[in-house]
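[1] Let me see the structure of the following:
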Amino acid sequence: MSSYKNMTVAELQPLLAGGMVKLVDVRTDAEVARGYIKGAAMLPLHLLPIHIQELDAKAPTVFYCQMGGRSAQAASFAANQGMQDVYNLQGGITAWAQSGGEITV
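    Numbering: from 1, shown residues only. Here you go, the predicted structure:
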């Protein structure tokens, strides 16, 4: 059984700036409409099992949601499906915004 790692906002910021990770937003369309992290792919959690094969299994991938719960589920599922370098953003987009991270609307 594979596992994922948790990542803080502080750890994510330089990786995003360097284009070193794939960011996946697993929130609903209505939540995404209120704002998202620039560069994120939108893939609602309930559609992840159908579209998991579209993600690069070898690329570092960070999942996020509003607070970190659903993205932890997504990261666990992805790791169990064979993705190798999987992360959950602790605190989700809420932590991102509280740290001063830019939100795209």
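[2] Now tell me which helix or strand of this protein has the poorest mean pLDDT.
    Counting by mean pLDDT, DSSP states H and E, the chain has its least confident helix or strand at helix 9-17, which shows a mean of 95.
[3] At which residues are the strands of this structure located?
    For the chain, the strands defined by DSSP state E cover 5-7, 22-25, 41-42, 61-64, 86-89.
[4] so of the ones you listed, which one's packed in deepest?
    Mean neighbours per residue, mean count of other Cβ atoms under 10 Å, is largest over these for strand 61-64, with a mean of 28. From N, CA and C alone the C-beta is placed, and that goes for glycine too.
[5] who's in contact with that one?
    With Cβ atoms under 8 Å, 6 or more residues apart in numbering as the test, strand 61-64 has contacts from 7, 12, 15, 21-26, 37, 40, 55, 71-72, 74-75, 78, 83, 85-89, 92-93, 96.
[6] again, 7 Å this time
    If you take Cβ atoms under 7 Å, 6 or more residues apart in numbering as the criterion, strand 61-64 is touched by 7, 12, 21-26, 37, 55, 71, 74-75, 78, 83, 85-89, 92-93.
[7] Turn the strands of the chain into a markdown table, including distance to Leu48 and mean pLDDT.
    Compiled in a markdown table, the strands of the chain are given as follows (distance: least, Cβ to Cβ, whole Å; pLDDT from 0 to 100):
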| stretch | distance to Leu48 | mean pLDDT |
| --- | --- | --- |
| strand 5-7 | 18 | 97 |
| strand 22-25 | 8 | 98 |
| strand 41-42 | 11 | 97 |
| strand 61-64 | 9 | 98 |
| strand 86-89 | 12 | 98 |
